[in-house]
Structures are given as C-alpha cells and as structure tokens.
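[1] Take a look and give me a structure for this.
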Amino acid sequence: MNQIDPGTPTWLAARNDRTAFRLLLEHGPLTRSRLGELTGLSKPTASQMLARLERVGLIRPVGERSGGRGPNAITYGVRTDRITGVAISILDRAIQAVVVDAVDHDHPIVQIATDGHERSPEGDVRAAVRAACAEAGIDESTVSRVVIGVQAAFFVDGDELSFTDTLPGWPEVGSRARIEQELGLQVTIDNDVNLATMAERSSGAAQQAASFALFWIGDGLGVGLDLGGVVHRGASGGAGEIGYLAVPRTAAPLAPAANDFTDLLGGPAVARLIGGDDETLAEVLPRLAADDDALSALADRVILAVNPLLAILDPSMIVLGGPTGTAGGARLAELVAERVDPAAHPKLAMRTSGTGAQPVLLGARQQLVEQIRDHLEADISLAT
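    Coordinates of the predicted model:
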C-alpha cells in the first residue's frame, strides 16, 4: 500500500473512503443520499467516495430504491465475490467448514467424514474448501485464506502442534507452511477452544466480563483463558489443556479409576454417569437436562476442575461450554455455582455458553471477517 501524507487531499479522501466502506459494511446497501446523511458530507462528496470504491472493485450497484418523484436512487453494496475465506473445524472423525465473506453472510455448514481417508494438513483443508464452496455456490478461486480450529495446542511462532490425538497425518512441525505452499492460501491455525473463547467474548455469555475462563466439556476437555479481552495461549500454545491434569484425591469417591480429568469428565465418563454404558456422549446428552440427579453428580465432578481455575486465575466468570456444558444448561451452571466457596470468590459468575451449536466455527468466522475486511480496506488508498 502506498504511503499517504497526513493532511493532504489524498489522505482526506482515503479517510473518507474508509468511513464510507465501514458504513456500507455496518448498514448494508446504501444510496448516495443516505451515505451523505450518515457521514455528514455533501451528496457530491458521497458520489465521489462511491465512485472511487467502485473503481477499485470494493463495491457495486445492487439495486434501486424509490424516493418518490424522479428516478429511483441506486443502492451500492460491498462486493462479496472478490475475496472469501473458509472457516474450518477439524473434529475427531469429521471436518466442518463454512464459507465466509466480507459482510458475514450465513452460508451453509458442511460436514465431511474422515474415516477411511488418507489424512494430511493440505488434504484436509483442500477437501473442506471444496465442499464448503460447492455447498454455498461460491467460486473456489475467490478463497484467499482459511482459519482452522484444531483439537490440539498450536504454537504460532514455531508452526508446532502438540496433543495431536485427533489429527492423524498432521506433522508436529510445519502444518501451516504445508497448507500455504500446497494451496496458496493464507492460513491461521488455532486451538478449537481458543476460537470458541473468542466467540464467547464477542457474541456469547462473556461479552461484559472483565476476564473469564471457558471450560469446554465434551469428548475431550479444554479451557480457554480470556484475560481482559486477550486469549492467553501460554509460552508454547498449550495453556488450558486441563484434560491431562491429574485429578485430586477428592475425586476418588466419585470415580475411583480416574487418573486425569478426561477420565473424570470426558465423553465416556459422562455417558456412564447419565446411564449410557453402551452409548456415546452424543446419544446420551439429550437426556441430561431432564435428569437432575445426573446434573448434580456431574456438578460434583465439574467443581473439581473449576476449583484450580479459580485458585490460579480468580476470573470474574466461568463459562461452561462444549457439548456437555451446553447440554447441562443453566441448571448445571447453577449447581456448579452452589459448590463454589462464596467467601473465596464472592464476585464469580457461573454461566452457560451463549454461542450456539457451532462455537468453534463462529470464532473462526469472526476472525476471517476481520481479516477480509482489513485486506479490502488496505486497497482503499488505490481508489484515491
């Protein structure tokens, strides 16, 4: 991007154009008159901004709006076909993906089974991009970037993965580089619970929290740590891997054979707790909310994992998420809160995740929207 001297007419035009572009993203298609009202600038100036943005391919006419007498006013909207991305969640036995564009349209989510397929970073991502684009009717050539959530710890600086039980075929070092080189995409890889934590901060239960911990309870466990709006990943990306932590002696009456917290709260343990010895976690969870005895027994276990988080972090909020935490709902959060020492943590709030059924994809989508918009805004100086 060319450097523009502050205070010059070119600098002022670029600043106005960025304002116009952001308003089009925020409000959707606008007429010249409406853009002028929102910016406080004259109609001729609004026309110039729209012309420059259209010239570099950031916006285009998308319709007309009747204004009474005279010709209909043309409405302009942000182009969504120029740059897109794909949000990807790599699960244990499947891959979920969805196309993302600058205005964050709701495109369909696809799920691809991975059983029986040869796995690799580039192969998994290629399959996800193709399936998501086909489902959304989007040209693959517009995809310039991906954000990938993995059930593993990722150290960005070293391009290193650890705790990779669910990523067969993915090397411990160099997965991001392989995807970028083979597919020509800009790649962001992050721990799935970290992405869910970002979504919780921006649009879930923790929007107003000073700091919070998202306790993800599913087939596996994880903790996302938000400290003042910043996700804490640790020195090597492994912060929050609570599933590998040894359980305290107080867990023995609840689960005598449990060695770590995954043994205590992972999928098989919760399935047995709800009474499904031969059922999977997904099969038993629909029964959890109506089973107060199971909820109470689950809360007895959850508090054992929550207590270390409270002692070390003292966050203002704990959010119970993941399949089990979400299925337990407000009642599980209430039962866990009853087991917290009120004298030690008088200001603690206990909440259920508010990000819906796809929190990892939601976090990845939000990252991609920001990346795409930043990329498009960088081109605005070319319009002046």
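[2] quick one: residue 202 is in a helix?
    Yes. According to DSSP: H, G, I helix; E, B strand; the rest coil, residue 202 belongs to a helix.
[3] hang on, residue 214 in a helix?
    No. Applying three-state DSSP, one finds residue 214 to be strand, outside a helix.
[4] And it, how far from residue 353?
    7 Å (C-beta to C-beta, to the nearest Å). For glycine as for every other residue, the C-beta is placed from the backbone atoms N, C-alpha and C.
[5] Of these two, which one has the most company?
    It is residue 214, of residue 214 and residue 353, that has more neighbours when counted by other C-beta atoms under 10 Å, with 34 against 24.
[6] List the contacts of that one.
    193, 196, 197, 200, 206, 223, 224, 226, 319, 321, 353 (C-beta atoms under 8 Å, 6 or more residues apart in numbering).
[7] Most neighbours of all those residues, which one?
    Busiest of these [other C-beta under 10 Å] is residue 197, holding 33 neighbours.
[8] so that residue is in which element?
    helix 192-203 (DSSP states H and E).
[9] Please export the alpha-carbon coordinates of that helix; PDB is fine.
    The C-alpha coordinates for helix 192-203 follow below in PDB (Å, rounded to 0.1, in the frame of the first residue of the first chain):
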ATOM      1  CA  ASP A 192     -10.600 -25.000  18.900                       C
ATOM      2  CA  VAL A 193     -11.400 -23.900  22.500                       C
ATOM      3  CA  ASN A 194      -9.400 -20.700  22.000                       C
ATOM      4  CA  LEU A 195     -11.600 -19.900  18.900                       C
ATOM      5  CA  ALA A 196     -14.800 -20.700  21.000                       C
ATOM      6  CA  THR A 197     -13.500 -18.400  23.700                       C
ATOM      7  CA  MET A 198     -13.100 -15.500  21.200                       C
ATOM      8  CA  ALA A 199     -16.700 -16.200  20.100                       C
ATOM      9  CA  GLU A 200     -17.900 -16.100  23.700                       C
ATOM     10  CA  ARG A 201     -16.200 -12.800  24.300                       C
ATOM     11  CA  SER A 202     -17.600 -11.200  21.100                       C
ATOM     12  CA  SER A 203     -21.200 -12.600  21.000                       C
END
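[10] For the residue nearest the centre of the chain, which three-state class applies?
    The residue lying closest to the centre of the chain (C-alpha atoms, centre = their mean) is residue 363, at 0.8 Å. Assigned with three-state DSSP, residue 363 falls in the helix class.
[11] Alright, I will stop here.
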